[in-house]
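Undergrad: Return a 3D structure for these sequence lines:
(one chain, ligands or ions: 1)
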Amino acid sequence: MAKCNHLCIPMIFLFFSLSAFSFSHTEKKPLTVAESSNFTATSRYDDVINFIRELQQKSHLIRVETICVSPEGREVPLLIIGDPVPSSPLDLNYDDRAVIYFQANIHAGEVEGKEAAQMLARDIILSEHPPYLDKLVVLIAPLFNADGNEKISPNNRRNQVGPENGVGIRYNGQNLDLNRDGMKLESPEVQGLVQNVMTRWDPALLLDSHTHNGSYHEEVATYVWSLNPNGDSSLISYMSDKFMPGVNKIAKEKYNTLLIPHGDFMDVRNPEKGWKPLGPQPRYISNYIGLRNRLGILNENYPYADFKTRVLKCYNLFSSILDYCHANKDEILKLISKADRRTVQRGLNPSKDDIFATEFDVRPIKQKITIHGYEMEIIDTDRGWPRSKKTDRKKTYTMPFYSDYFPKKSVSFPYGYLILARVPKVKEKLLQHGITVEKLVKPAKLTVEAFTVKEIKGSQRAYQGHYMSSIKGEYNVEEKEFPAGTLFVTTAQPLANVAAYLLEPESDDGFVVWNFFDRYLVPQWSRRPQIYPVYRLMKPSALAKETVRMY
Ligand SMILES: [Zn+2]
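TA: Have a look, this model is predicted:
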């Protein structure tokens with residue numbers, strides 16, 4: 001025994017000195033392309049993959065999974081950072097760490113997040129005392145739109161200040177904008193995001209990083225939370241009243257970084273009228289995650305600051321968010337689990353007060369915001385709206401922030417949806433979102449709400465490859481026989497808000513909008529009003545049914 005102790009002491013000493021050496025500041029840390037080029041260039045696909053491989057060779061705190069294979073055949077990497085690094089999400093059943101997910105480069109001309117995310121991964125895992133990992137598992141997708149990234153050219157996004165060697169393009173290899181694909185899931189990237197990140201790892205928070213084109217101000221990193229009021233309201237108010245003010249404080253005090261909410265002047269002639277962000281539709285990933293009862297952040301960086309400043313301020317935003325999540329992990333996990341429970345409870349027996357909004361209006365949140373901007377010169381254009389030009393004269397604007405979306409028109413929330421249409425894509429999409437879908441195994445005669453289509457509109461121009469449809473009409477109660485095989489979607493499930501958003505006929509981002517039901521909506525030979533092929537069951541009913549699987 002004594003002999004063993006005697007021998008083990010030098011062994012332990014050797015182990016610690018080796019590990020201290022391998023993570024010490026004296027060792028050369030791998031640099032990103034942005035850093036090694038003095039911020040004149042951004043990483044290509046192979047650069048990102050090589051950087052990840054180098055990190056893997058230096059640390060056991062990182063694993064890599066594949067989110068998807070892009071349309072042009074590139075594997076899109078997902079970094080999993082933890083201590084211990086989980087071998088699968090099942091490992092997290094045995095501890096209480098929270099999963100936080102940062103994604104960058106969804107628009108591959110907007111590259112600060114890609115560089116900041118690589119630096120962040122490196123700095124966490126190669127730190128002598130890796131921060132955050134006692135309470136958090138950090139997932140990072142630095143290169144979400146790998147195909148767009150490979151089209152780097154100095155001619156892309158010429159309005160932004162660097163990197164001078166150019167950036168990629170907005171679209172993926174299918175010419176789709178991935179930040180419009182949150183509901184229709186037509187790209188392998190967003191399908192992979194929903195299945196292999198959101199459903200598989202169930203992150204408590206998602207951040208989607210972009211670069212903006214818009215109003216002039218001094219602050220470089222901006223943010224806004226999930227905005228759609230069909231998401232759980234406690235999460236929206238937590239983000240606006242507590243989480244982001246807390247992150248702002250950390251950014252200012254610890255990282256010397258001023259953050260402001262993402263948005264633009266609503267009226268450049270009268271800037272103090274208000275500041276307004278992107279809309280609330282869940283086709284935007286940062287809004288979609290809110291419908292899933294998880295926290296979402298859209299990060300937009302300021303294009304007119306130099307590239308190095310943009311990357312470093314974006315890095316500071318990421319760090320501030322991780323600091324906040326680390327300090328408030330239990331509160332965040334409790335909040336999202338309560339939101340899930342409330343959603344399931346509502347679906348079990350919906351009341352008259354439970355609603356789904358089909359149209360929205362927006363009003364300011366309680367707190368006014370202050371932005372360090374500039375006096376602007378207004379130039380009239382022949383496009384019908386004025387253009388603003390920044391002067392050198394600084395000016396601080398304090399104004400209302402129009403980000404509180406609320407229902408303008410709504411319908412009551414049902415117990416479940418019965419789908420009569422034989423549209424395989426509808427079943428497939430519901431399952432891709434992770435929604436529980438069942439089918440009747442015996443015919444059932446039920447009292448349901450049927451939607452009569454009164455008005456159909458198609459968009460004049462194609463958008464994301466679609467001539468979008470919208471319908472108006474009304475629900476009427478009727479008795480109806482549903483055959484065995486009818487699909488049933490219960491709202492007593494955590495993803496009920498996503499299901500309702502897809503299935504409600506007047507929803508502004510559902511199956512109707514994206515043309516899944518077109519052939520059921522337009523009268524062919526008869527002039528009779530069309531009945532939308534999804535019926536609503538309003539009260540709990542016992543049904544003989546079984547779960548439908550993807551394969
Ligand atoms: Zn963008």
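
Undergrad: hang on, K457 in a strand?
TA: Yes - counting by DSSP: H, G, I helix; E, B strand; the rest coil, one finds K457 located in a strand.

Undergrad: OK, contacts around it?
TA: S469, S470, I471 (C-beta atoms under 8 Å, 6 or more residues apart in numbering). Placement of C-beta: from N, CA and C, glycine included.

Undergrad: ditto for A492
TA: V344, Q345, R346, G347, L348, Y415, G416.

Undergrad: For the fifth one, what are phi and psi?
TA: Comment: the main-chain dihedrals of L348 come out as phi -70, psi -30, following degrees, to the nearest 10.

Undergrad: Quick check, pLDDT for the nearest residue to it once chain neighbours are set aside.
TA: Leaving aside its sequence neighbours, L348 sits nearest to A492 (C-beta to C-beta, 6 or more residues apart in numbering; 4.6 Å). pLDDT, A492: 97.

Undergrad: How are the helices of the stretch 451-551 of the chain distributed by residue range?
TA: 496-503, 518-521 (DSSP state H, counting those that start in this stretch).

Undergrad: Which elements pack onto the last one?
TA: The elements that helix 518-521 packs onto, with contact taken as 3 or more C-beta pairs under 8 Å, 6 or more residues apart in numbering; DSSP states H and E, are strand 469-482.

Undergrad: Please name every helix or strand in contact with the strand it packs on.
TA: Secondary elements touching strand 469-482 (3+ C-beta pairs under 8 Å, 6+ apart): strand 444-458, helix 518-521, strand 534-537.

Undergrad: try 7 Å this time
TA: If contacts are counted by 3 or more C-beta pairs under 7 Å, 6 or more residues apart in numbering; DSSP states H and E, strand 469-482 sits against strand 444-458, helix 518-521.

Undergrad: Just put the helices of the stretch 451-551 of the chain in JSON lines and tack on mean neighbour count, distance to the ion and mean pLDDT.
TA: Conversion of the helices of the stretch 451-551 of the chain to JSON lines gives the following (neighbours: other C-beta atoms under 10 Å; distance: least, C-beta to the ion, whole Å; pLDDT from 0 to 100):
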{"stretch": "helix 496-503", "mean neighbour count": "26", "distance to the ion": "22", "mean pLDDT": "98"}
{"stretch": "helix 518-521", "mean neighbour count": "16", "distance to the ion": "29", "mean pLDDT": "88"}
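
Undergrad: Mind putting the ones you listed into JSON lines with distance to S59?
TA: As requested, the helices of the stretch 451-551 of the chain are exported to JSON lines (distance: least, C-beta to C-beta, whole Å):
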{"stretch": "helix 496-503", "distance to S59": "36"}
{"stretch": "helix 518-521", "distance to S59": "51"}
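
Undergrad: picking up where we left off before, top of the contacts of A492 by neighbour count?
TA: G416 (27 neighbours; other C-beta atoms under 10 Å).

Undergrad: pLDDT score for that one?
TA: So, for G416, pLDDT stands at 98.

Undergrad: Backbone torsions only: list them for it.
TA: Dihedral angles (degrees, to the nearest 10) for G416: phi -170, psi 170.

Undergrad: so how far is the ion from it?
TA: For G416, the distance to the ion equals 36 Å [C-beta to the ion, to the nearest Å].

Undergrad: By mean pLDDT, flag the weakest helix or strand of this structure.
TA: helix 2-22 (a mean of 38; mean pLDDT, DSSP states H and E).

Undergrad: if we can go back for a sec, so which of the contacts of A492 are in strands?
TA: Of the contacts of A492, the ones assigned to strands by DSSP state E are G416.
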